[in-house]
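Undergrad: Build the 3D model from these lines:
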Amino acid sequence: MRHTRLALVSVLSTLALGAVAMPVAAQSSASAELINGLNGKLLYVGVPITILVEAILIYTVMKFRNNDDPTPTQENRRLEITWTVATALILLFVGVASYGVLANENITYQPQAENAAGEAVNGEQQKPVVVRAEAYQWGWEMSYPEAGNFTNGNTMVVPEDRPVVIRTTSRDVIHGFHVPKMALKQDSMPGQVNSIKTVPYETGSYQGYCTQFCGVAHSQMYFTVDVVSQDEYQQWLDTQQKNADSS
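TA: Numbers count the residues shown, from 1 in each chain. Modelled structure (predicted):
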């Protein structure tokens, strides 16, 4: 019976660690890469702890299930010191790993720290694409204040492998800008501009929506983020600027 329990624990441990060690799929943005990477690191800590605690629990239940006269637990300073030190080390690891992510500007972007000259991406100096996402009851208006200030309805078009700064605000009530697959989320506040920054890695169309209940048509407040190649983006940008100049 004891060998069976040990074998079961070993199998569960192997399966859990194997799942954690599986290669991570390509990330859609720098923000998603950072957040999913942190989740993976925390799983490396959380899964073994969970397995250990469950194994001890099962062992204790099975061993003492027929004990009708239990005795009080005796003090064990060595054990207490061990789990105190282990807990401190785990919390230190979690704190350092979390700080490395939270300190990154693709997670907590500070507009005043923006470098007008751009930043290095794939070895090249690139100025961020700035998009203004203005929410209203019940829709979105995407505009490009540094590229002619034209609007593009509820569709945001951005290039891949280039920094993107999204400045979101609201015309009326509190809304929420959220693109789950790109790990982008920020409140859209009336009279206030909140900024988020990322670098899109994968071309494609990503669904976004409002996260703050804002009225009867809140569920219809969808928008789209289209990530295209740099050449496609430049062609689209030229077309939009020509149309804005001719109107």
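Undergrad: low pLDDT regions in the chain?
TA: Within the chain, the ranges that satisfy pLDDT under 70 run 1-25, 112-125, 247.
Undergrad: where exactly do the strands run in it?
TA: 119-121, 124-126, 129-136, 139-143, 155-159, 164-170, 175-179, 184-188, 194-198, 204-210, 222-228 (DSSP state E).
Undergrad: In its sheet, which strands sit next to the fifth one, and in what direction?
TA: Read it as strand 155-159. Strand 155-159 pairs in its sheet with strand 222-228 (parallel), by DSSP bridges.
Undergrad: Buried residues of the partner strand, list them for me.
TA: Of all the residues in strand 222-228, those buried under the rule 16 or more other CB atoms under 10 Å are 223, 224, 225, 226, 227, 228. For the C-beta atoms, the positions are set from N, CA and C on the backbone; glycine is no exception.
Undergrad: list the contacts for the residue sitting furthest away from the middle of the chain?
TA: Ranked by distance from the centre of the chain (CA atoms, centre = their mean), the top residue is residue 69, with 51.3 Å. By CB atoms under 8 Å, 6 or more residues apart in numbering, no residues touch residue 69.
Undergrad: coming back round to it: and the strands of the chain: which comes nearest residue 242?
TA: Nearest of the strands of the chain to residue 242, taken as CB to CB: strand 155-159 at 15.2 Å.
Undergrad: contacting residues around that closest one?
TA: Residues outside strand 155-159 that contact it (CB under 8 Å, 6+ apart): 129, 131, 133, 142, 164, 166, 200, 208, 223-230, 232-234, 236.
Undergrad: same check, this time on stretch 76-96
TA: Under CB under 8 Å, 6+ apart, the answer for stretch 76-96 is 42, 45, 49.
Undergrad: May I ask which of those residues has the most neighbours?
TA: With neighbours taken as other CB atoms under 10 Å, the top of the contacts of stretch 76-96 is residue 45, carrying 16 neighbours.
Undergrad: number of nearby residues for the nearest residue to residue 228 once chain neighbours are set aside?
TA: Among residues not flanking residue 228 along the chain, residue 203 sits closest, at 5.9 Å (CB to CB, 6 or more residues apart in numbering). Residue 203: 14 surrounding residues under other CB under 10 Å.
Undergrad: Ok, the one 10 residues further on next?
TA: By other CB under 10 Å, 11 other residues sit near residue 213.
Undergrad: can you count the residues close to residue 134?
TA: The burial count for residue 134: 19, using other CB under 10 Å.
Undergrad: Kindly report the same for residue 188.
TA: 27.
Undergrad: For it, which residues are in contact?
TA: 133-135, 168-170, 174-177, 194, 210, 212.
Undergrad: and of these, the nearest to residue 35?
TA: Of those, the one sitting nearest to residue 35 (CB to CB) turns out to be residue 177, at 16.2 Å.
Undergrad: Now do the contacts for the residue nearest to that closest one when sequence neighbours are not counted.
TA: Nearest residue to residue 177, sequence neighbours excluded (CB to CB, 6+ apart): residue 168, at 4.4 Å. Applying CB under 8 Å, 6+ apart, we find residue 168 in contact with 132, 133, 134, 135, 177, 186, 187, 188, 193, 194, 195, 196.
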